[in-house]
Structures are given as C-alpha cells and as structure tokens.
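Asks: Make a model of this:
(chains A and B)
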Amino acid sequence: MKLETIRELLQAEVISKCSNPDIDIKFAKASDLMSDVLAFSQPFTKPEALLITGLTNKQVVRTCDIAGVCAVIFVRGKSPSEETIKLAEECNITILTTKLKMYEACGILYSHGISGTPSEK
Amino acid sequence: MQERMKEKVLFEQKFEISGGDFVNAGDSSYKIKNILREIGIDSDIIRRISIAAYEAEMNVVMYAEYGAMHLLVYPGKILLKIEDRGQGIEDIELAMQPGFSTATEEMREMGFGAGMGLPNIKKNADVFNIKSTVGKGTKLNITFNLNSKND
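Replies: This next block holds a predicted model:
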C-alpha cells in the first residue's frame, strides 16, 4: 500500500521533508519498545516497513534506520522535536503524525490489508 | 584465539561512547553502518552488525560511565569490540534471558530496557563473547562472518 494511501486512511500529516508518497508499505509494526523493533527486524532488508509508535525521541529514528523501517507514524497527535525531524530527513525516513490512538491506527491499517511483521523462522 | 590468528586488519576505527548521553546515543552505530556500506558489505550483514552495535551502544549509554566501540574489518569477518567502565553485570546468564532488565523508569520511557539487548546481540552475531566484572565494567566481542548468513 502506498504511503500516501496510508496517510489518507489515518488522516495523518507528513511532517518531514523527505516524504516519498510512492513507497510501497508491505508490513507494519506497532511498538513503544525500540528493542522489540530491532528484535523483529529480521525480514527487512528492503525499505517497506512502517512503524506505528507513541514515542517521539531521536532514538526512534535511529532504531528505524538500523532496523530498515522507512516510515514512522506518531499516534495521538504527537509531534517530534526539530532534532528528531532533522535526523529523519538525513536518514531518508518519512515521519507522519495522526490524531488517532495506536489501537485505532493499527486496526484501520490491518483491516485494509497491511499485515504484521512475519514471524521468525 | 583470535589474537593468535593474526589476520590482516583491512580497516579499523574506534568510537567513544559517553555513559548517560541519551541525545547522541546511536551515533557510533550510525557511523559504523555508513562505513560498512561504503566498504560494500552485504546489506543483510550490515543490518545484523548495526543492530548489535546499536544495542551494545545503548547498553553503554544506559549502564556505564564510559565506553569504546572498536570496529575491525578482516578479509573474512568483522569484529566489534565493546569495552566499558561501569557497574558491570552481576549474573550474565540472567542478563542473557530475553525480558530480564534492570532498566530504570527513565530508560523505559525512552523505549529501551525491554530486556532484549544482549539476546538481540547474540542472535545477530556469529560468535558472541561477554565478560564482566562487577564494579569495573563489561567487555563484548562480537564476530560476524562475511560469508555466512547467520541463519
């Protein structure tokens, strides 16, 4: 699913400059635990994963960069700091924010065919 | 053992890590990732090394006073050596259990301290060695073979 479609579904706003609406998102994961994001990053060597999170610090972007996640959606209308946005632009990671809660955002994406990250092994 | 092999080091760089510096945490791993990309290492191996480096770096930031991460590139393998000065680990076996954590509330609020750090490092490594002395610090040697896929 195109990132632009996801943005529409979640009534989200793109807040980083490097937005690439044509990225084809295949999987999503939702977590506020960065180690969990890293632990389940196994299948992602291609930039096709989306992270849904309520955490907005710089480490979220670092984690996404390392785990191969290409876009992040912050839930509950949260906005990251300028520093976080700057780092995301450097790493070519698109940041969006939605007023929806995490559960609602996940539900909408799941019901539209975005699956969770595949289980390991 | 590794010392005895005396393999030729193709590239090496050392990165300093300050304990408690959450703002710059991850910078060294980011640099390592870019270096490996420039060298032309396979992207799957880069991802595994980056994850291990990042988890190790976060451990130093969270639990130690000071640390250094040493990247060594050999013809057939990559070695990450992380050495810190700090509280050390009392029970390594326990620390290796997924979910076990001694993280503070502050660390958890930052999204860390889920008790997945060391297990994540081990999972991504081909060879993983850990030594720790309580009150002194911890040493990690993490090896990645360049011609294997780990799993």
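
Asks: mind showing which ranges of chain A have poor pLDDT?
Replies: Within chain A, the ranges that satisfy pLDDT under 70 run A:18-19, A:41-47, A:118-121.

Asks: All the helices of it, in order from the start?
Replies: For chain A, helices defined by DSSP state H occupy the ranges A:3-9, A:34-39, A:58-67, A:82-91, A:102-111.

Asks: and the first one, what does it pack onto?
Replies: Contacts of helix A:3-9 with other secondary structure elements, assessed using 3 or more Cβ pairs under 8 Å, 6 or more residues apart in numbering or on different chains; DSSP states H and E, are made with strand A:69-74, strand A:94-97, helix A:102-111. Using the backbone N, CA and C atoms, a C-beta is placed for each residue, glycine as well.

Asks: now, of these, which is deepest in the fold?
Replies: For these, the largest average neighbour count (mean count of other Cβ atoms under 10 Å in any protein chain shown) is found in strand A:69-74, namely a mean of 25.

Asks: re the thing from before, between the helices of chain A, which one is nearest to residue A:50?
Replies: helix A:3-9 (6.9 Å; Cβ to Cβ).

Asks: Now that closest one: buried residues?
Replies: A:3, A:6, A:7, A:9 (16 or more other Cβ atoms under 10 Å in any protein chain shown).

Asks: repeat for stretch B:101-110
Replies: Neighbour-count burial for stretch B:101-110 flags B:101, B:103, B:107, B:110 (criterion: 16+ other Cβ under 10 Å).

Asks: if we take those residues, which one ends up nearest to chain A?
Replies: Nearest to chain A among the buried residues of stretch B:101-110: residue B:110, at 5.9 Å, using Cβ to the nearest Cβ.

Asks: on that earlier part again, from the buried residues of stretch B:101-110, list the ones also adjacent to chain A.
Replies: Among the buried residues of stretch B:101-110, the ones lying near chain A by Cβ under 8 Å from any Cβ of the partner chain are residue B:110.

Asks: With secondary structure, pLDDT and distance to residue B:61 added, can I get the buried residues of stretch B:101-110 in JSON lines?
Replies: Formatted as JSON lines, the buried residues of stretch B:101-110 follow (DSSP: H, G, I helix; E, B strand; the rest coil; pLDDT from 0 to 100; distance: Cβ to Cβ, whole Å):
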{"residue": "B:101", "secondary structure": "coil", "pLDDT": "92", "distance to residue B:61": "15"}
{"residue": "B:103", "secondary structure": "coil", "pLDDT": "91", "distance to residue B:61": "12"}
{"residue": "B:107", "secondary structure": "helix", "pLDDT": "87", "distance to residue B:61": "9"}
{"residue": "B:110", "secondary structure": "coil", "pLDDT": "84", "distance to residue B:61": "10"}
